[in-house]
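A.B. asks: here is a sequence with its predicted model. Questions after.
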Amino acid sequence: MSKYTKQDIIRMVREEDVEFIRLQFTDMFGTLKNVAITSSQLEKAMNNECMFDGSSIEGFVRIEESDMYLHPDLDTFVIFPWRPQQGKVARIICDI
């Protein structure tokens, strides 16, 4: 059973005044990478509609096959505790 639903995350983002969400993933060498989105783009990201250019990441694909989708794991959602009270930042770990 999942820890969070899409509606849970949208509600928490709204209630906690989260401004940015980092969609995190690792490259082929285990280095953490992220794509930052605004809270207004969150629903699109949770519907697996967020893309990035994989050719810009070392070890990923060639330019001809570079459009890659991020698939967020909703159970990894967390609001960073060290950010300011307003305009907080959260993260969701993603599969590629």
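C.D. replies: Sure thing, it's come through. Residues are numbered from 1 along each chain as shown.
A.B. asks: list the contacts for Cys50?
C.D. replies: Cys50 makes contact with 23, 35, 37, 41, 44, 69-70 under the criterion C-beta atoms under 8 Å, 6 or more residues apart in numbering. C-beta coordinates here come from the backbone N, C-alpha and C atoms, glycine included.
A.B. asks: tell me the contacts of the nearest residue to Phe52 once chain neighbours are set aside?
C.D. replies: Excluding the flanking residues, the one nearest Phe52 by C-beta to C-beta, 6 or more residues apart in numbering is Val35, at 5.3 Å. Val35 sits next to 22-23, 50, 52, 70 when contact means C-beta under 8 Å, 6+ apart.
A.B. asks: centre of the chain to the one helix or strand Val35 maps to, how far?
C.D. replies: Assigning secondary structure by DSSP states H and E places Val35 in strand 32-38. Its chain's C-alpha centre and that of strand 32-38 lie 6 Å apart, by C-alpha atoms, centre = their mean, to the nearest Å.
A.B. asks: CA atoms only for that strand, dumped as CSV, please.
C.D. replies: Coordinates of each C-alpha in strand 32-38 appear next as CSV, following Å, rounded to 0.1, in the frame of the first residue of the first chain:
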residue,chain,number,x,y,z
LEU,A,32,22.4,12.5,-7.8
LYS,A,33,20.8,14.8,-10.4
ASN,A,34,17.6,16.8,-10.3
VAL,A,35,15.1,18.7,-12.3
ALA,A,36,13.5,21.6,-10.3
ILE,A,37,9.8,22.4,-11.0
THR,A,38,7.4,24.9,-9.5
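A.B. asks: give the buried residues for that strand.
C.D. replies: Neighbour-count burial for strand 32-38 flags 33-35, 37 (criterion: 16 or more other C-beta atoms under 10 Å).
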